[in-house]
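Trainee: Need a 3D model of the sequence below.
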Amino acid sequence: MKKYSSLFIALLLLGSNTNAQQSKPAESTKPYSIIIKGGHVIDPKNNIDEVMDIAINSAQGTQTAQTATAVEGKITLIAKNIDANLGVKVIDAKGMVVTPGIIDLHVHVFSGTNLKQEYMNGPSSVWPDGFTFRSGVTTVGDAGSSGWRTFPEFKKNIIDKSQTRILVFLNIVGDGMGQNQQNVNDMDPNMAAQVAIANKKDVVGFKSAHFGANPFIPLDSAVKAGNIANMPVMLDLTYPSKPAISSVEDLFMKHLRPGDIFTHMYRLTFPFLYVNDQVSPLAFAAQKRGILFDIGHGGNGFTFARAIPSVKQGFVPYSISSDLHISSMNAGMKDMSNIMSKFLTMGMPLKDVILRSTWNPAKEIKREELGNLSVGSVADIAIFTLKKGNFGFIDSHNYLLKGTQKLETELTIRSGKIVYDLNGIGGRTDKESTILTIK
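Mentor: Now for the predicted structure:
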């Protein structure tokens, strides 16, 4: 008898739970999976710089499975005062800054255990997901870690397994960035272009870097690949410290093309861009011609001695990037939010900092579907707190700049899903959840 009584009670409870669920509005009927409310939205592409709400589509709320797949994880609405009852989850972003997901165009994420290759499947690169989302970054550009020969391994082991969107500048050296990058015979523009064209989803350009002799040799080869594939070239002149350039003017006016990228623009050992702490006329002429200057902070690519007077004189970057790798992230660079904060401290307006970290990089690599909060675009979103206080920022040579404001990443959304949440603002808010406090 006791056995049947227990069964009756269980059935009774099940029925009451079912009735409760039927009387409660089903979350599947809500059109938005996430609503971000009350944040200061900065979207340079769409010239938004004010308090707005953002709604992200819920696939469950669409009419058909086919429609759901097409719109899932996309931005559905940007407006003032979106009804919070229409969202499955509501994030209170009042007092915070809401931006497109940050695009970091210069990183090294072809990580592995090949000790000889360093960045090409080597120990200096990092696994992307562990270091991107926590600084608001949703898209990265790997800057030449792999070449056309090693790209398939990079794609299989890292790109296809990462939540971070990884786009690639193929090294003009087929073997990639490592012990063979001085090998002129391994610079094959035709093979590089073929691999790039066959992998347009992942490859966005070519990289010429770290060459110890005349840099025109790998650069011209990379430009040839760029012409074939209709993609930009990123040039890195960090080795040796004084590049053996026969004509600096020819570098910017003849060898590089409009739309090509010159990284590490504020490196201390680029005297040809400065004359007695004044930005040289050549630097401005190159900028006017359409050469896109990039930060590439790194472990040796950014100095306040160059950056501070340059910003004051109007020689500002087209894109802000980190040159993320093991040594740079543990030194002055830290992460993208730290670099962005440095530019705030140097006097660049917040909207301009966001522009150079989102929409400009998207245009730079011809991926204009990224770096913005347009309705219908993928919901890659970063939420920051602009903290006030006393802060210190360090450059690549350990010089200190003091400031009174700093961006701190609160939450990152990638393709409509929360992938990083510092203080739980995207945590469970349903009535069944419990907020624990220690008294």
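Trainee: where do the helices sit along this protein?
Mentor: 2-23, 65-71, 151-157, 189-198, 216-229, 248-250, 281-289, 304-313, 326-329, 336-345, 350-355, 359-364 (DSSP state H).
Trainee: so how far is residue 297 from the closest residue to residue 348 other than its chain neighbours?
Mentor: Closest residue in space to residue 348, ignoring its immediate chain neighbours: residue 311 at 6.2 Å, by Cβ to Cβ, 6 or more residues apart in numbering. Bear in mind the C-beta positions are built from the backbone N, C-alpha and C, glycine included. According to Cβ to Cβ, to the nearest Å, residue 311 stands 14 Å off from residue 297.
Trainee: hmm, back to that, distance to residue 108, mean neighbour count and mean pLDDT for the helices of the chain - can I get that in JSON lines?
Mentor: Below are the helices of the chain laid out as JSON lines (distance: least, Cβ to Cβ, whole Å; neighbours: other Cβ atoms under 10 Å; pLDDT from 0 to 100):
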{"stretch": "helix 2-23", "distance to residue 108": "50", "mean neighbour count": "9", "mean pLDDT": "43"}
{"stretch": "helix 65-71", "distance to residue 108": "34", "mean neighbour count": "12", "mean pLDDT": "45"}
{"stretch": "helix 151-157", "distance to residue 108": "11", "mean neighbour count": "18", "mean pLDDT": "95"}
{"stretch": "helix 189-198", "distance to residue 108": "18", "mean neighbour count": "19", "mean pLDDT": "98"}
{"stretch": "helix 216-229", "distance to residue 108": "18", "mean neighbour count": "21", "mean pLDDT": "96"}
{"stretch": "helix 248-250", "distance to residue 108": "27", "mean neighbour count": "13", "mean pLDDT": "88"}
{"stretch": "helix 281-289", "distance to residue 108": "26", "mean neighbour count": "15", "mean pLDDT": "95"}
{"stretch": "helix 304-313", "distance to residue 108": "22", "mean neighbour count": "18", "mean pLDDT": "95"}
{"stretch": "helix 326-329", "distance to residue 108": "9", "mean neighbour count": "19", "mean pLDDT": "79"}
{"stretch": "helix 336-345", "distance to residue 108": "14", "mean neighbour count": "23", "mean pLDDT": "98"}
{"stretch": "helix 350-355", "distance to residue 108": "23", "mean neighbour count": "20", "mean pLDDT": "98"}
{"stretch": "helix 359-364", "distance to residue 108": "17", "mean neighbour count": "22", "mean pLDDT": "98"}
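Trainee: center of the chain, which residue is that?
Mentor: Per Cα atoms, centre = their mean, the C-alpha nearest to the average position across the chain is that of residue 103, at 2.5 Å.
Trainee: nearest to residue 421, of the helices of the chain?
Mentor: helix 336-345 (15.0 Å; Cβ to Cβ).
Trainee: got the angle for the closest one vs helix 304-313?
Mentor: For helix 336-345 against helix 304-313, the angle by axes from the mean of the first three to the mean of the last three Cα atoms, to 10 degrees is 60 degrees.
Trainee: I'd like the distance from helix 336-345 to the chain centre, please.
Mentor: 14 Å (Cα atoms, centre = their mean, to the nearest Å).
Trainee: Going by contacts, tell me the helices and strands next to it.
Mentor: Judged by 3 or more Cβ pairs under 8 Å, 6 or more residues apart in numbering; DSSP states H and E, helix 336-345 is in contact with strand 102-107, helix 350-355, strand 381-394, strand 400-414.
Trainee: And the contacts of that helix?
Mentor: By Cβ atoms under 8 Å, 6 or more residues apart in numbering, the list of residues contacting helix 336-345 from outside reads 102, 104, 135-137, 295, 297, 302, 307, 311, 320-322, 333, 350, 352-354, 356-357, 384, 391, 393, 401-409.
Trainee: Can you flag the buried ones in those residues?
Mentor: For the contacts of helix 336-345, a neighbour count by 16 or more other Cβ atoms under 10 Å gives the buried set as 102, 104, 135-137, 295, 297, 302, 307, 311, 320-322, 333, 350, 352-354, 356-357, 384, 391, 393, 406-409.
Trainee: what stretches of the stretch 251-400 of the chain score poorly on pLDDT?
Mentor: 271 (pLDDT under 70).
Trainee: same deal with the stretch 51-200 of the chain?
Mentor: 58-71, 112-123.
Trainee: Show me where it has its strands.
Mentor: 75-79, 87-92, 97-100, 102-107, 137-147, 165-171 (DSSP state E, counting those that start in this stretch).
Trainee: Name the nearest residue to residue 76, sequence neighbours excluded.
Mentor: Using Cβ to Cβ, 6+ apart, the closest residue to residue 76 is residue 57 (4.3 Å).
Trainee: Distance check, the one you found against residue 367.
Mentor: Distance from residue 57 to residue 367, by Cβ to Cβ: 21 Å.
Trainee: between the two, who's got more neighbours?
Mentor: residue 57 (25 against 16; other Cβ atoms under 10 Å).
Trainee: just to revisit the earlier point, I'd like the helices of the chain laid out as JSON lines, including distance to residue 95.
Mentor: Shown next, in JSON lines, are these (distance: least, Cβ to Cβ, whole Å):
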{"stretch": "helix 2-23", "distance to residue 95": "36"}
{"stretch": "helix 65-71", "distance to residue 95": "30"}
{"stretch": "helix 151-157", "distance to residue 95": "41"}
{"stretch": "helix 189-198", "distance to residue 95": "44"}
{"stretch": "helix 216-229", "distance to residue 95": "44"}
{"stretch": "helix 248-250", "distance to residue 95": "47"}
{"stretch": "helix 281-289", "distance to residue 95": "36"}
{"stretch": "helix 304-313", "distance to residue 95": "27"}
{"stretch": "helix 326-329", "distance to residue 95": "28"}
{"stretch": "helix 336-345", "distance to residue 95": "17"}
{"stretch": "helix 350-355", "distance to residue 95": "14"}
{"stretch": "helix 359-364", "distance to residue 95": "24"}
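Trainee: of all these, which lies closest to residue 269?
Mentor: Per Cβ to Cβ, nearest to residue 269 of the helices of the chain: helix 304-313, 9.8 Å.
Trainee: Convert the C-alpha atoms of that closest one to PDB, please.
Mentor: The C-alpha coordinates for helix 304-313 follow below in PDB (Å, rounded to 0.1, in the frame of the first residue of the first chain):
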ATOM      1  CA  PHE A 304      55.300  56.000 -25.600                       C
ATOM      2  CA  ALA A 305      58.200  58.000 -26.800                       C
ATOM      3  CA  ARG A 306      56.900  57.600 -30.400                       C
ATOM      4  CA  ALA A 307      53.200  57.200 -29.700                       C
ATOM      5  CA  ILE A 308      52.500  60.200 -27.500                       C
ATOM      6  CA  PRO A 309      53.900  62.900 -29.800                       C
ATOM      7  CA  SER A 310      52.500  61.100 -32.800                       C
ATOM      8  CA  VAL A 311      49.000  61.100 -31.500                       C
ATOM      9  CA  LYS A 312      49.300  64.800 -30.600                       C
ATOM     10  CA  GLN A 313      50.600  65.500 -34.200                       C
END
